[in-house]
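# whatever this is, show me its structure:
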Amino acid sequence: MRYRGREFTGKGVTVAVIDSGIDVTDPRLQGRTIDGWNIQLGATGHAILGGDFTDENGHGTNMAAAVTMMAPDVSLMGVRIMDARLRTSADLMAAGIETAFRAGAKVISLSLGTPNMGKALLLRDCCALAVENNAVVLAAAHPKGDRAYPADLPETIGVATHPDCPIEKYYFFQPHRFPRQQWGSLTGKFLTHGYEWRDGERGGFKGSGIATAYLAGRLACLREAMPNESAMGIIEVLRQVSLTPVPEIGYA
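Next up, the predicted model:
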């Protein structure tokens, strides 16, 4: 990513991918530094950490590959909270966020969310702690525009997608320019590319999930460029360098 006349690749930045794990043998991740954990909830509701973060589905590996496509020199942290069928819970999401920032991740990517407003406060507490520890949390917006957490929390970066959004560009819907009654749930969110690319062609994954991973890679590059900037400062810079959307992009 080019910023202030220099190219940045995310070197020295750890990106946590909270998902179904990471397959460290995937050829797209060859040569990357990858570490991680798996998290399960015990009978008492406490988080139980294990060292096996092997991907049981493939989804998390694709998200990790999308991150490195934008930031080829990042270190990856796989935090497996999903089973083979991609089932998880808001409690595991919260545990994943806390595990990630306490382990040193400065960018935390969740290609998922929950519409359960009852869990919003729990997730907000974890995201606020992440910000206090100088980590930025990105989360996928609801694919149908409904509320989703943590994407709709003020401490996070909510990411949406559109087929007409090119991979090299991203937009920010500033609330004062695009009020909610006009642009719905996009207000206050980033819009970016949402397709997996393989050998120059669109692959199998599409939507706000992989868009979140792409933007996490870009954020890692900004973190490399400004290692001493606060988490909220990095978010503000991302807003400043993003483009302003126009109705012609396809929304009405």
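# in the stretch 151-252 of the chain, which segments are predicted with low confidence?
Within the stretch 151-252 of the chain, the ranges that satisfy pLDDT under 70 run 200, 247-252.
# break down it into its helices, ranges please.
Using DSSP state H, counting those that start in this stretch, the helices of the stretch 151-252 of the chain run over 180-183, 208-225, 231-241.
# and residue 107, which of those helices is closest to it?
helix 208-225 (5.0 Å; Cβ to Cβ). All C-beta spots, glycine's among them, are computed from the backbone N, C-alpha and C.
# so how far is residue 201 from the closest residue to residue 202 other than its chain neighbours?
If the residues on either side of it in the chain are set aside, residue 202 comes closest to residue 195, at 4.6 Å by Cβ to Cβ, 6 or more residues apart in numbering. Separation of residue 195 from residue 201 (Cβ to Cβ, to the nearest Å): 9 Å.
# need the nearest residue in space to the residue sitting nearest the centre point of the chain, chain neighbours excluded.
Central residue of the chain (Cα atoms, centre = their mean): residue 109, 2.7 Å from the mean position. Excluding the flanking residues, the one nearest residue 109 by Cβ to Cβ, 6+ apart is residue 216, at 3.8 Å.
# repeat that for residue 168.
Residue 168's closest residue in space is residue 193 (Cβ to Cβ, 6+ apart), at 8.0 Å.
# surely that neighbour is in contact with residue 160?
No. If you go by Cβ atoms under 8 Å, residue 193 and residue 160 don't touch, sitting 11.1 Å apart.
# tell me, what's touching these two both at once?
residue 211 (Cβ atoms under 8 Å, 6 or more residues apart in numbering).
# neighbour count: residue 195 and residue 201, which is higher?
In this view residue 195 and residue 201 are compared by other Cβ atoms under 10 Å, and residue 195 has more residues nearby, 19 against 8.
# contacting residues around that one?
Per Cβ under 8 Å, 6+ apart, neighbours of residue 195: 163, 167, 202, 203, 205, 206, 210.
# thought the fourth one was touching residue 66?
No. The pair residue 203 and residue 66 fails to qualify as a contact (Cβ under 8 Å) at a distance of 9.7 Å.
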